[in-house]
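1. got a sequence here, can you model it:
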Amino acid sequence: MAKAATKTVKIKQIGSPIRRPASQRKTLIGLGLNKMHKTVELEDTPAIRGMIKSVSHMVEIVE
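-> So this is what the prediction gives:
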């Protein structure tokens, strides 16, 4: 049986983690972002949305 398509969200890192709290750096790493202008596509879950919200000043959602 075919798997149902899951919703995804594409995010891009636009801010540097330099001079940011360690928790924000770890959140970026948890999202799979470690370099400027890197884009990742993740499953759209409440946990991922919360992580994006906590570092919203360093990431943007790509349409």
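2. helices along the protein, start to end?
-> Residue ranges of the helices in the chain, as given by DSSP state H, are 22-30, 46-54.
3. and those helices as TSV, adding mean pLDDT?
-> TSV is the format used below for the helices of the chain (pLDDT from 0 to 100):
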stretch	mean pLDDT
helix 22-30	97
helix 46-54	97
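4. including mean neighbour count and distance to Ile61, could the ones you listed go into a markdown table?
-> For the C-beta atoms, the positions are set from N, CA and C on the backbone; glycine is no exception. Converted to a markdown table, those look like this (neighbours: other Cβ atoms under 10 Å; distance: least, Cβ to Cβ, whole Å):
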| stretch | mean neighbour count | distance to Ile61 |
| --- | --- | --- |
| helix 22-30 | 14 | 15 |
| helix 46-54 | 13 | 7 |
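5. dump these to JSON lines, plus distance to Lys7.
-> Below are the helices of the chain laid out as JSON lines (distance: least, Cβ to Cβ, whole Å):
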{"stretch": "helix 22-30", "distance to Lys7": "19"}
{"stretch": "helix 46-54", "distance to Lys7": "10"}
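6. low-confidence ranges in this protein?
-> For the chain, the stretches flagged by pLDDT under 70 are 1-4.
7. skipping adjacent residues, who's closest to the most centrally placed residue in the chain in space?
-> A centroid search over the chain (Cα atoms, centre = their mean) returns Leu31, at 4.4 Å, as the residue closest to the centre. Nearest non-adjacent residue to Leu31, counting by Cβ to Cβ, 6 or more residues apart in numbering: Met51, 5.7 Å away.
8. distance of that neighbour from Ala5?
-> Met51 sits at a distance of 22 Å from Ala5 (criterion: Cβ to Cβ, to the nearest Å).
9. before we move on, the earlier item: quick one: residues contacting the residue nearest to Leu31.
-> Met51 sits next to 27, 30-31 when contact means Cβ atoms under 8 Å, 6 or more residues apart in numbering.
10. in this protein, which spans are strands?
-> Under the criterion DSSP state E, the chain contains strands at 8-13, 39-43, 59-62.
11. what lines up beside the shortest one in the sheet?
-> If I follow you right, that is strand 59-62. strand 8-13 (antiparallel) (DSSP bridges).
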